[in-house]
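# mind looking at a prediction? Sequence and model below.
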Amino acid sequence: MRTTLSTLVTLVLAVNAEQHWAFGNVRPIVTTRLDPVINPNAIGSHVHSVVGASRFKDVYDPADLVQSNCTTIPVQPDKSNYWAPQLYHQDQNTGLFTPIRSSYGRPDTLSDTTQRGIFPIRRFSKPPIVTSGWVPLHTVFGDLLRRGSGVRILGHWPRGSRVLPEQISRNASVMWATKFGRFPIASNAADLMFRAVFLSSKRTRSQANNAIAATSFNIYYLLRPGPKNESIKAFPPGLRMIAGNTNRRSYNASDFAQQAISFVCLDDSDDHVNDPDWAERPNFFDHNCPNGMRAQVFFPSCWDGVNLDSPDHTSHMAYPIQNYNSGDCPESHPVHLVSLFYEMDVSVGQLDFWGNGTWVLANGDTTGYGHHGDFTNGWDIDLLQNAIDNCPNATGNVGDCPPLAALLDQASADACVLETEIVDEDTGFDAPLSSLPGCNPLWNGTGTRPECSTSGSVPQLVSAQIPLPTNWSEVGCIVEGTNGRALVGASTTSPNMTRASCASFCQSQGFALAGVEFSDECYCDNKLRNGASNATVTWNECTNHCAGNSNEICGGPMLLTLLVNSNPPPPPPDTILPPGWSFVGCVSDNPARALTGFNTANNQMTHDSCIATCSSQNFSIAGIEFGSECYCGDSFANGGGDLLDSSSCSVVCSGDALSTCGGSWALSAFQSNVTVILPSSATSSPAAPSTSASSAFSTSLSTSTSQVSSVPISSSSPVSSASLPATSVPVSVVPSVASSATSSVTASSSISASQSTAISVSGSTLSASSSVPSNTTDSLPVA
C-alpha cells in the first residue's frame, strides 16, 4: 500500500526562510554492528552506518567521545555520532546481499569524452571507462546538483584509463538539492580531482572503492520554536536519543513518531512532479529510483529537562504538540531543543529492482517501516548555543553562520578515521553476503517473525586500525621528494595495502623506513632522499584511505604516511667483494659514457655480478649505474670519473635490495688490482655502497668533494695520491623521528689509510669502528 505523508507539507513550507544549517554529504566514520544506545557494551543487533566522531564505540561515554581526535562532520567541535541501519540490495537469483553505496561522489558516465568546456553533472554510480579521446583530469564542482550547471575542465587524460575521484582542494561552495530546496550547505566544500589508472591495474577496484563512502548523510539543524516562540536550547551534555523503531513493519498515519520516518525517490529531472507513485512515503517504493533514494529521520525536539536517557530510549524525549517537525513542546517535556533531521543517501539505482525484497535494511526489514536513527551528543555545548542564538541569516549554508563558519575544517573531516574498535565480521563491502550480519532473517511483518540459529559464534571486537609490527611507529604525513622519490630502496603496490603490510614489507627487505602513498603504494629506504625531510605537514593533508583498510590513512597525492622502525635488527654481514677488487667510489658518468669497454643490463644486478662480468671481459674497472646497468673499462673516458658525493649513488641494486648500485649519471665504481693511496693518514677509502637497515634515524657517510677532479685509472699502474682528492669520512646522524628513540654516535675522528669504516647498530646506538679489511664494502647506505 502506498501512503502519502500529507503532514509533510508543513515541513516544506517557507523552510528556506527559517534559520537552519546543514552538514552535507557527510561520510561515515565506520560501518559496523555496534549500537551504544540500544546495545551498550555488546555487539549490536544489526549493522549501522555511523558518521561523526572518531571515538565511536560499543558504549557511549560523553567525556570520552568529546576527546575524539576528529570527526567526519566539517565543524570539528561537533564530536557527536549519528547513525542509521545500512541498506542492502538482495539479488533476485542468488539471494546474496550487497550494501548499497552513496548517491553522491562518482561520475555515472562521460558520454562525450572528446568534448571541451562544460559537461552536465549527474549523480554518480561508478568510475567511467574512457573509451576515446581525452577526458577531464581535474574538475571543479560549483553548483553541484543544480540543473544546467556543470564542471570546468582543467586538464586531460589519455584514452584507456579509468577515472577515480580524490579530494584535493576546498574552495567552492556546493549546492545541494534537498527536500528543503536547492541551496549551498557548506562553504569551503571539497572539490574533486580525478586521476586515471590503467584498466589492467590491480589497483583499480580498491582505489575506486576507497573513493566511495558506504553511504552519505545530510544533517540538518533547524530552529522551529512553535506558536509560543519558545526559546531554543542546545542539546544537554550526555543526551542520547533515537527516532523510529527497528521492529515496526506497519504504519499509523496519526502517530508523529511514525511520520518522522520517510523515504524520498530522487527525481533530478523533475519528471515525476505530482506523481503520487513518487511522493514521499513512510516505506520503500515499489519501483526503482534511478537518481538514488533518501532515507529520512526527524528526531523529537522536546526534552523532559531531567533525563539524558530512558529505559526505552524514547520516553525522555517527545515530539511537539502541533506536528512531528514543528510546534510547541508539551508540558511533560518543556525544554525545546534544536530540531535534528538527517537524510541518508543511497544509490539504489545502480542495482536491479525486482520488487518487494530488493531493498533490505540491515535489521532484516524489507518494508522500510523499521528504519530508524540514533544520536549521541558530543557537541561543544557553548558553540552550539552560540550558533542557535547568533545565526539569523543561516538558511542552510554553514558559511552563513559565523560561529560555525569560523571552524569549518573539511580537510580534517576527510582525513578522519576511526580510532577505536569494530566488530570482526564481514559486512559485505568486499563481496556479497549469503545472510545479513547478526540474527536478522528477512521479515515483512506478515506471519510470525522468523527465527535464526543461535549456534554461531559471536564475533569479537578488534582494532579498527591494524597494529603495526613490533618497534614500528607512525611519524606522520610528509611531502614526497622534490627531485624524485623520498624512499627509493624498494617498493610494492597492493589492493590490500595497509600501514602494517607496508612496514612488514620494508622490514623484510632490510629497511627501517616505510612510506605509504596514494592508498596502495609502499616505498622503503633507510633514509629520506631527493629533498624530502622528516618534517611533518598538518596531519589532515594525508587523506587517502588505505586500499586494504578504509579505517587507516595511506598518504595522499605526493604525500607519504611515514613509518619508522625504532629498533631495526642488526645489519647483515658486510658484503665481501671478489678477491683483488676494491670500491673506488661514486663517480660521474655522462651520455658519452665514462666506461666504454663493455656494458650489459639486467634486473638481477649486484656488485658481484657486474665485477664478474667485467673480469670475464678482461677489464679492470667495473661500474654500476641506475641499479641495473653494468659498464666495464680500463680507464675513465669522455670526461667521466669525477668523484661525486656518495648521495649521488643511491639507487638500490636490482638484484640486491640491501646494496646501492649507482644513480642517475653516477657509477658505483670498483677497481681490480689497484691500491688506492690516500694523501693523509687521517683519511680512508671512500665508503662502499652497501645498504642495510641501521636505525630509526638516517645515517650517511659523505665524501668531501672540494678538490674533486677527473680520476683516470688504468690497470698498469696504481692510482697515485696526486690523482685523488683529499678525502674525509665524517659520520652524520639525523636524530630519530620516533619520539621514543634515543641515539648516540661514537666515531673515530681520524681513520688510518689502511682502514675502512664500518658502522654497527645495536638498538638505537650507532658506533663507528675500524679494523675492517679494505676489500669489504660498508654496512651503511652511501647517501
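Structure's in. What do you need?

# drop to CA atoms for contacts and neighbour counts, all remaining ones
Noted.

# and the helices in the stretch 151-300 of the chain?
Under the criterion DSSP state H, counting those that start in this stretch, helices of the stretch 151-300 of the chain are mapped to 204-210, 256-259.

# what of the chain?
9-12, 62-65, 204-210, 256-259, 381-389, 402-405, 410-415, 499-508, 607-616 (DSSP state H).

# CA atoms only for the second one, dumped as CSV, please.
Output in CSV follows, covering the C-alpha atoms of helix 62-65 (Å, rounded to 0.1, in the frame of the first residue of the first chain):
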residue,chain,number,x,y,z
PRO,A,62,30.3,11.6,26.8
ALA,A,63,33.6,12.6,28.4
ASP,A,64,35.4,10.1,26.2
LEU,A,65,33.6,11.0,23.0
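
# residues of that helix that come out buried?
62, 65 (16 or more other Cα atoms under 10 Å).

# mind showing which ranges of the stretch 651-783 of the chain have poor pLDDT?
674-783 (pLDDT under 70).

# the chain too?
1-17, 102-214, 454-455, 569-575, 674-783.

# okay, now the domains of it?
Split into domains by automatic domain parsing, the chain comes to 18-100+217-423, 118-175+187-199, 472-565, 581-772.

# so which of these is nearest residue 465?
Closest to residue 465 of the domains of the chain, according to Cα to Cα: domain 472-565, at 5.9 Å.

# let me see the contact set for residue 252.
By Cα atoms under 8 Å, 6 or more residues apart in numbering, the contact set of residue 252 is residue 258.

# if I look at it, how far off is residue 52?
Using Cα to Cα, to the nearest Å, one gets 32 Å for the distance from residue 252 to residue 52.

# sorry, back to before: could you identify which of the domains of the chain is most buried?
Each of those was scored by mean neighbour count; the highest is domain 472-565, a mean of 23, by mean count of other Cα atoms under 10 Å.

# how long is it end to end?
Terminal-residue distance, domain 472-565 (Cα to Cα): 4 Å.

# circling back to that earlier point, in a markdown table: the domains of the chain, plus distance to residue 452.
Below are the domains of the chain laid out as a markdown table (distance: least, Cα to Cα, whole Å):
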| stretch | distance to residue 452 |
| --- | --- |
| domain 18-100+217-423 | 11 |
| domain 118-175+187-199 | 34 |
| domain 472-565 | 30 |
| domain 581-772 | 50 |
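
# picking up where we left off before, residue 367: which of the helices of the chain is closest?
helix 256-259 (13.6 Å).

# packing partners of that closest one?
strand 240-244 (3 or more Cα pairs under 8 Å, 6 or more residues apart in numbering; DSSP states H and E).

# how about the helices of the chain in TSV, adding distance to residue 357?
Output for the helices of the chain, formatted as TSV (distance: least, Cα to Cα, whole Å):
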stretch	distance to residue 357
helix 9-12	29
helix 62-65	37
helix 204-210	25
helix 256-259	21
helix 381-389	41
helix 402-405	42
helix 410-415	34
helix 499-508	39
helix 607-616	66
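
# relative to residue 36, which of these is closest?
Nearest to residue 36 among these is helix 62-65 (11.4 Å), distances taken as Cα to Cα.

# quick check: beta-bridge partners of the closest residue to residue 263 other than its chain neighbours?
In this structure, residue 263 finds its nearest non-sequential neighbour in residue 295, 4.7 Å apart by Cα to Cα, 6 or more residues apart in numbering. Bridge pairing for residue 295 (DSSP bridges) gives the partners residue 263, residue 344.

# looks like residue 295 contacts residue 266 (just checking).
No - the pair residue 295 and residue 266 fails to qualify as a contact (Cα atoms under 8 Å) at a distance of 10.7 Å.

# still on that earlier bit, among the helices of the chain, which is nearest residue 369?
Of those, nearest to residue 369 by Cα to Cα is helix 256-259, at 8.3 Å.

# list the contacts of the closest one.
Where contact means Cα under 8 Å, 6+ apart, the residues beyond helix 256-259 that reach it are 5, 7, 243-244, 251-253, 282, 300, 319, 323-324.

# again, only using 6 Å
The contact list for helix 256-259 (Cα atoms under 6 Å, 6 or more residues apart in numbering) reads residue 324.

# now do stretch 628-637
Counting contacts by Cα under 6 Å, 6+ apart, the residues outside stretch 628-637 that touch it are 594-603, 605, 610, 614, 619-624, 654, 712-714.

# let's see it at 8 Å
Outside stretch 628-637, the residues that touch it by Cα under 8 Å, 6+ apart are 593-606, 610, 614, 619-625, 653-655, 661, 711-715.

# got it, and stretch 362-373?
For stretch 362-373, with Cα under 8 Å, 6+ apart as the criterion, the contacting residues are 45-48, 82-88, 242-251, 261, 282-284, 295, 297, 356-361, 436-437, 440-444.

# hmm, residue 234 and residue 384 touching each other?
Yes - between residue 384 and residue 234 a contact is recorded at 5.9 Å, counting by Cα under 8 Å.

# returning to that earlier point: contacting residues for the residue nearest to residue 263?
Per Cα under 8 Å, 6+ apart, neighbours of residue 295: 261-264, 343-346, 371.

# which two in the residues you listed are spaced the farthest apart?
Taking Cα to Cα, no two of the contacts of residue 295 sit farther apart than 261 and 346, at 15.6 Å.

# what bridges to residue 521?
Assigned bridge partners for residue 521, using DSSP bridges, are residue 493, residue 517.

# what's it in contact with, if anything?
491-494, 497.

# looking at those, which one is closest to residue 473?
Using Cα to Cα, the contacts of residue 521 come closest to residue 473 at residue 497, 16.7 Å.

# wait, the closest one touches residue 545, no?
No - here residue 497 does not reach residue 545: they are 9.8 Å apart, not a contact under Cα under 8 Å.

# need the residues touching each of those two.
In contact with both residue 497 and residue 545: residue 519, using Cα under 8 Å, 6+ apart.

# which residues in the stretch 1-150 of the chain form strands?
For the stretch 1-150 of the chain, strands defined by DSSP state E, counting those that start in this stretch occupy the ranges 20-26, 28-32, 48-52, 81-85, 87-90, 97-99, 118-120, 135-136, 138-141, 150-153.

# may I have the fifth one exported as CSV, CA atoms only?
Yep, that's strand 87-90 we're talking about. Extracted C-alpha coordinates of strand 87-90, given in CSV (Å, rounded to 0.1, in the frame of the first residue of the first chain):
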residue,chain,number,x,y,z
LEU,A,87,20.7,-0.6,3.4
TYR,A,88,21.4,-3.8,1.4
HIS,A,89,20.4,-5.0,-2.1
GLN,A,90,19.2,-8.6,-2.4
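
# please renumber so the chain begins at 49
Got it, first residue is 49 now, which makes that one strand 135-138.
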